[in-house]
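Q: Predicted model and sequence below, questions to follow.
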Amino acid sequence: MTSGLPCPICEGPDRRGSLERSLRVLAVDDEAPALEDLVYLLRSDPRIAHVEAVTDATKALRVLHRAMDAGQPLDAVFLDIRMPGLDGLDLARVLSRFAQPPPVVFVTAHQQPAVEAFELKALDYLLKPVRPERLAESVHRIVHEVWDSKAPQESAPAAPSQTPTTPPEMGDEVIPVELGGVTRFIRLADIRYVEAHGDYARLHTATGSGLVRAALNGLEERWRSAGFVRIHRSHLVSLGHIDELRLEDGHLSVTIGGAVLPVSRRHARHLRQLLVRRARPTPVSGASPAGVVQPRNGLGS
């Protein structure tokens, strides 16, 4: 299937090559026949290179986070509304809190939720059964959205290196974690530190911990701008949650909410530099024991 619709963005030799067969999208629907039909239509569009398909919102979140961890975020989500558990509107609310929310196209048999869907800034709203020409129009809009989001980044000069801070929108990002067979959602801003567990990572908050299927290297790269820093091959910490930086018997460690985490020699210098930029140590006349620096100005727990 070809779209049958003009795509001004794709016109011209310099742009067509970079966007044709370049979109990576996710389709979500709990009804297998509807999902199969949607996937077939999406894969037939010449502008789409890859289609992921899942049957519920929790699986969708896992796919989206896995793609971001791999450095290949999906370009759009085609989303049914009425699903068991988290429905499509619930999932769209979660996605809206991502640092870079993917465009959402609702695909449903019901007209009633349309107003609420567009209040959630949906890119488009398709009614089942989906007509190929109508789907092509949605893909056309996604192409525009992707181009608009990438063009400024490609033309803008590189920003000077700065101390990591947590942008408000990143702090609101929600991550699904596994806890005793139950999936719960935690905010990025609530994560104190991350611990490597083989192919998984354990995210620690003030109220507990949970597992995500992600490599520590991927999380380090993805969350660097949110104030996370590697201190050891097994640990990634949030600078904003560090209570103490401790030096004892030549070994450096940090204290976060009662947990004492080792700092390897290769990461020690970089960590010290970041902490110096963000905070002033407590005056020597204070009550801190020897070898302990207590970060201030937003670095407490």
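A: Looks like it came in fine.
Q: what helix or strand is the residue lying closest to Glu116 once chain neighbours are set aside on?
A: Spatial nearest neighbour of Glu116, chain neighbours left out: Leu89 (6.1 Å); criterion: C-beta to C-beta, 6 or more residues apart in numbering. Quick note: C-beta positions are derived from backbone N, CA and C, even for glycine. Assigned by DSSP states H and E, Leu89 falls within helix 88-95.
Q: now Arg43
A: Counting by DSSP H and E, the element that carries Arg43 is helix 32-44.
Q: same check, this time on Leu247
A: Per DSSP H and E: strand 244-248 holds Leu247.
Q: now for that strand, which elements pack on it?
A: Secondary-structure packing of strand 244-248 (3 or more C-beta pairs under 8 Å, 6 or more residues apart in numbering; DSSP states H and E): strand 251-256, helix 265-278, strand 292-293.
Q: Note down every partner strand of it and its orientation.
A: strand 251-256 (antiparallel), strand 292-293 (antiparallel) (DSSP bridges).
Q: Turn these into a markdown table, columns for distance to Val51, mean pLDDT and mean neighbour count.
A: Output for the strands paired with strand 244-248, formatted as a markdown table (distance: least, C-beta to C-beta, whole Å; pLDDT from 0 to 100; neighbours: other C-beta atoms under 10 Å):
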| stretch | distance to Val51 | mean pLDDT | mean neighbour count |
| --- | --- | --- | --- |
| strand 251-256 | 41 | 92 | 18 |
| strand 292-293 | 51 | 52 | 18 |
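Q: can I get the ones you listed in CSV with distance to Pro84?
A: As requested, the strands paired with strand 244-248 are exported to CSV (distance: least, C-beta to C-beta, whole Å):
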stretch, distance to Pro84
strand 251-256, 38
strand 292-293, 51
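Q: quick one, which of those is nearest to Val28?
A: strand 251-256 (36.0 Å; C-beta to C-beta).
Q: Can I get that closest one in CSV, CA atoms only?
A: Extracted C-alpha coordinates of strand 251-256, given in CSV (Å, rounded to 0.1, in the frame of the first residue of the first chain):
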residue,chain,number,x,y,z
HIS,A,251,38.1,4.4,50.3
LEU,A,252,35.4,6.8,49.0
SER,A,253,31.7,6.1,49.4
VAL,A,254,28.4,8.0,49.3
THR,A,255,25.4,7.7,51.7
ILE,A,256,21.9,7.8,50.3
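Q: Toward the C-terminus, what is the element adjacent to it?
A: strand 259-263.
Q: relative to strand 251-256, how tilted is that following strand?
A: 140 degrees (axes from the mean of the first three to the mean of the last three C-alpha atoms, to 10 degrees).
Q: Give the rounded mean pLDDT of strand 259-263.
A: Looking at strand 259-263 alone, the average pLDDT works out to 94.
Q: List the neighbouring strands of that strand plus their orientation.
A: strand 251-256 (antiparallel).
Q: Tell me what angle the strand it pairs with forms with helix 265-278.
A: 50 degrees.
Q: And the helix or strand following the helix holding Arg43, what's buried?
A: Later in the chain than helix 32-44, the nearest helix or strand by DSSP H and E is strand 48-54. Residues of strand 48-54 classed as buried by neighbour count (16 or more other C-beta atoms under 10 Å): 48, 50-54.
Q: can you dump the C-alpha coordinates of strand 48-54 into CSV?
A: C-alpha atoms of strand 48-54 as CSV (Å, rounded to 0.1, in the frame of the first residue of the first chain):
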residue,chain,number,x,y,z
ILE,A,48,7.4,3.0,8.2
ALA,A,49,10.5,0.9,8.7
HIS,A,50,9.5,-1.1,11.9
VAL,A,51,6.3,-1.9,13.7
GLU,A,52,6.1,-3.3,17.3
ALA,A,53,2.8,-4.8,18.4
VAL,A,54,1.6,-5.5,22.0
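Q: Which residues does that strand contact?
A: With contact meaning C-beta atoms under 8 Å, 6 or more residues apart in numbering, strand 48-54 is reached by 21-28, 35, 38-39, 42-43, 60, 63, 67, 74, 139.
Q: Next: stretch 186-195.
A: Contacts of stretch 186-195 (C-beta under 8 Å, 6+ apart): 166, 170-175, 177, 201-206, 209-210, 216, 219, 223, 226, 228, 234-238, 241, 256-257, 259, 261, 301.
Q: Just the buried subset of those residues, please.
A: Buried, going by 16+ other C-beta under 10 Å: 166, 170-171, 173-175, 177, 201, 203-205, 209-210, 216, 219, 223, 226, 228, 235-238, 241, 256, 259, 261, out of these.
Q: So, low pLDDT: which residues of the stretch 1-150 of the chain?
A: 1-21, 148-150 (pLDDT under 70).
Q: can you give me the helices for the stretch 151-300 of the chain?
A: Assigned by DSSP state H, counting those that start in this stretch, the stretch 151-300 of the chain shows helices spanning 168-171, 216-223, 265-278.
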